[in-house]
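Colleague: Give me the fold of what follows.
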Amino acid sequence: MKRRLALAIAIGIAAPSLAFAHGLVRTDEELIKVLQTAAPAKIVANATIMNTAADGTMKVIQKGTNGWTCMDPGTHHTGEPMCADAAAMAWADAWQNKKPPTAAVGFMYMLNGDSGVSNTDPYDHNTEATPTNNWIQTGPHVMIVGTDAKTMLETYPRDAKADPTVPYVMWPGTPYEHLMLPLK
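Modeller: Take a look at the predicted model:
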């Protein structure tokens with residue numbers, strides 16, 4: 001999820017083309033309705049909303065005024081609606097493009113949870129668990145990203161086989177480690 005979420009965020013920043021062309025495709029109206037469940041309503045109402053166009057590129061369907069971007073990358077044909085602030089978008093762009101992570105603390109909402117990802121390799125492209133990828137799937141959660149948050153991360157579990165029902169560090173020991181905060 002985190003990897004796919006970050007990919008979606010990075011796509012939103014670098015929007016000319018999608019890094020992947022598969023996934024759940026929604027009409028603009030369907031997407032807006034789904035995104036209203038991904039983050040607090042006041043954030044979604046004033047956020048930039050991005051959807052996948054027929055040619056696989058990302059398109060802005062709502063120009064925002066609050067610095068947040070919402071989208072649904074749909075990487076597993078199930079959708080993973082999420083919203084991220086500007087700092088989280090910049091962090092995700094750095095992760096996706098293998099650049100040093102940004103320092104500014106960013107925040108992301110995924111109130112519908114995710115479909116799972118490797119907890120140890122930010123670039124593992126598997127879509128399901130393997131014997132070595134430390135697969136993790138987290139229900140409704142928020143994320144705190146950015147290297148300025150690293151001191152805070154030191155007090156949370158950093159296990160490769162993390163418990164997704166309690167706060168934990170995702171991708172521990174990598175430059176892109178970040179805090180996962182399950183909400184249920």
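
Colleague: and the residue in the chain sticking out farthest from the centre, which of the three is it?
Modeller: Taking C-alpha atoms, centre = their mean as the measure, the residue most remote from the mean C-alpha position of the chain is Pro131, 23.9 Å away. The local conformation at Pro131, judged by DSSP: H, G, I helix; E, B strand; the rest coil, is coil.

Colleague: Thr155 too?
Modeller: coil.

Colleague: again with Asp55
Modeller: From three-state DSSP, the assignment for Asp55 is coil.

Colleague: do the same with the one 4 residues further on
Modeller: Look at Lys59: counting by three-state DSSP, its state is strand.

Colleague: Look up how far Ala41 lies from it.
Modeller: Relative to Ala41, Lys59 is positioned 23 Å away (C-beta to C-beta, to the nearest Å). (Each C-beta comes from the backbone N, C-alpha and C, glycine too.)

Colleague: what about these two, which has more around it?
Modeller: Ranked by neighbour count (other C-beta atoms under 10 Å), Lys59 and Ala41 place Lys59 first, with 13 against 10.

Colleague: per-residue pLDDT, Thr57?
Modeller: As predicted, Thr57 sits at a pLDDT of 79.

Colleague: I meant to write Asn51 there.
Modeller: For Asn51, the pLDDT comes out at 90.

Colleague: Remind me what the helix or strand it falls within packs against, helices and strands.
Modeller: Applying DSSP states H and E as the criterion places Asn51 in strand 48-52. Using 3 or more C-beta pairs under 8 Å, 6 or more residues apart in numbering; DSSP states H and E as the contact criterion, the elements in contact with strand 48-52 are helix 2-13, helix 28-35, strand 58-62, strand 68-71.

Colleague: which stretches of the protein have low pLDDT?
Modeller: Confidence mapping of the chain against pLDDT under 70 gives the ranges 1-24, 73-79.

Colleague: give me that answer again for 90
Modeller: Low-confidence regions of the chain, defined here as pLDDT under 90, cover residues 1-27, 30-31, 34, 52-58, 72-80, 92, 96, 115, 125-128, 184.
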